[in-house]
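Peer 1: Quick check, what structure comes out for this input:
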Amino acid sequence: MSQEMTGKFFSIQQPQGVKTVIYRIDKLAKEYQTPTLKYKAERVVSSEEFNGTFTKKTFFIDFPEPTGENLVILSFSRDKVSVNMGQLKDDKIKFNKTQLPIQFNTLYSETPMDFKDFKYTQNLARSITIIDPETAEEIKPSLYLDETTNEVKGTCRLQPYKSYFTFEIR
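Peer 2: From the prediction side, this is the model:
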């Protein structure tokens with residue numbers, strides 16, 4: 001029996017020193033929604049091919065919605081983050097003029113810091129994503145059960161003298 005992959009591929013070219021990551025924004029099923037969490041962000045799988053001074057980055061979205069996929073496109077360079085919103089539909093990416101319910105921020109501390117107590121839904125979706133802008137990698141939280149509220153929560157250990165980029169879906 002053969003397994004078929006159903007999805008969409010698309011590529012971008014980025015100059016050296018720029019790292020682009022894309023998140024797919026999906027509405028949570030009603031049974032997983034909370035008053036403060038109605039969406040989840042899922043990082044889109046990608047591969048890179050180096051080509052001189054540019055990198056071709058190919059992204060893959062598995063089982064895209066026929067109505068389109070809302071995307072958050074983050075490009076990290078030396079001192080800044082470029083944020084774009086778009087939609088993948090009919091093999092085309094269109095940049096949105098209307099914004100998704102997302103809040104952006106940076107975290108910085110001169111001492112080691114725990115960013116903690118962010119909540120998870122029953123299917124372990126979380127509203128806050130923390131990214132190291134130097135590597136464009138997510139800071140993965142450690143999960144724990146808050147016995148007082150009987151909720152799964154997360155905490156991230158952040159390094160001193162380092163900035164982090166965060167976004168929260170509302």
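Peer 1: which other residues reach the worst-scoring helix or strand of the chain on mean pLDDT?
Peer 2: In the chain, no helix or strand scores lower on mean pLDDT, DSSP states H and E than strand 113-119, which sits at a mean of 75. Here strand 113-119 makes contact (Cβ atoms under 8 Å, 6 or more residues apart in numbering) with 34, 36-37, 107, 126-128, 130, 141, 146, 151-158, 160. Every C-beta, even on glycine, is put in place using the N, C-alpha and C of the backbone.
Peer 1: burial of residue 106, as a residue count?
Peer 2: Residue 106 has 10 neighbours, counted by other Cβ atoms under 10 Å.
Peer 1: Residue 88 now?
Peer 2: What residue 88 shows, counting by other Cβ under 10 Å, is a neighbour count of 21.
Peer 1: how about the one residue sitting closest to the centre of the chain, what does it touch?
Peer 2: By Cα atoms, centre = their mean, the mean C-alpha position of the chain lies nearest to residue 23, the distance being 4.2 Å. For residue 23, the contact set (Cβ under 8 Å, 6+ apart) comprises 41-44, 71-72, 74, 129.
Peer 1: Now list the buried members of the residues you listed.
Peer 2: For those, burial is judged from neighbour counts taken by 16 or more other Cβ atoms under 10 Å, and it is met by 41, 44, 71-72, 74, 129.
Peer 1: What's opposite the residue nearest to the centre of the chain in the beta bridge?
Peer 2: Assessed by DSSP bridges, residue 23 has beta-bridge partners residue 43, residue 72.
Peer 1: How about residue 155?
Peer 2: In beta-bridge terms (that is, DSSP bridges), residue 155 pairs with residue 116, residue 142.
Peer 1: Model confidence for it, exactly?
Peer 2: In this prediction, residue 155 carries a pLDDT score of 86.
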